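Engineer: Structure for this input, please:
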Amino acid sequence: MTFAPPILSQAPGHPPEKATVSLSTLGDELILQVPDATDIPANWEVYPILGADPEDPDWQGQTQPTGIWDDASEEALKLNGIELRIPREALETYLNEEVELRYKFADESSLEPCSEPLMLCIET
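Structural biologist: Numbering: from 1, shown residues only. Here you go, the predicted structure:
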């Protein structure tokens, strides 16, 4: 499965392969969106990662569910517009450098697919 790169909420319209983040205007955290995809199951979790190796990332963030349980239908319902957050401190490590940003999934079977990378250029 191939998943589209993350989208930065604070930099709308950036190209899909590269974005520049200015720490001086960022605030406390970078917010990224997981593009809505039909092949993301509602019973997975997703989290952001930084680093070149998705199997052994330099940093990983908090997990968010990809769905919610619906008592009426007794099924998990897929969420759209999932947002993940990266604290400013995690990005400061890469000041004046480039780093790969991805989102990665986790499920009960230890399957952990990840997105295509978005190359972040971190500036002051």
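Engineer: Spatially nearest residue to residue 78 (excluding sequence neighbours)?
Structural biologist: Leaving aside its sequence neighbours, residue 78 sits nearest to residue 42 (C-beta to C-beta, 6 or more residues apart in numbering; 4.1 Å). For the C-beta atoms, the positions are set from N, CA and C on the backbone; glycine is no exception.
Engineer: elements contacting the lowest-mean-pLDDT helix or strand in the chain?
Structural biologist: Least confident element among the helices and strands of the chain, by mean pLDDT, DSSP states H and E: strand 75-78 (a mean of 89). Contact analysis of strand 75-78 by 3 or more C-beta pairs under 8 Å, 6 or more residues apart in numbering; DSSP states H and E lists strand 67-70 as its packing neighbours.
Engineer: avg pLDDT for the strand it packs on?
Structural biologist: The average pLDDT for strand 67-70 rounds to 91.
Engineer: what do you get for stretch 113-124?
Structural biologist: What stretch 113-124 shows for mean pLDDT is 95.
Engineer: Give me the buried positions along it.
Structural biologist: 113, 114, 115, 117, 118, 120, 122 (16 or more other C-beta atoms under 10 Å).
Engineer: Against residue 102, how distant is the first one?
Structural biologist: Between residue 113 and residue 102 the distance is 10 Å, computed by C-beta to C-beta, to the nearest Å.
Engineer: just the last one next, same as before
Structural biologist: For residue 122, the distance to residue 102 under the criterion C-beta to C-beta works out to 16 Å.
Engineer: now do residue 112
Structural biologist: As judged by C-beta to C-beta, residue 112 and residue 102 stand 11 Å apart.
Engineer: okay, these two: which has more neighbours?
Structural biologist: Set residue 112 next to residue 102 and count neighbours by other C-beta atoms under 10 Å: residue 102 wins out with 21 against 13.
Engineer: next helix or strand past the helix or strand hosting that one?
Structural biologist: Using DSSP states H and E, residue 102 sits in strand 97-106. Proceeding N to C from strand 97-106, the next assigned helix or strand is strand 118-123, under DSSP H and E.
Engineer: Give me the contact list for that following strand.
Structural biologist: 5-6, 8, 16-24, 32, 50, 91-92, 94-102 (C-beta atoms under 8 Å, 6 or more residues apart in numbering).
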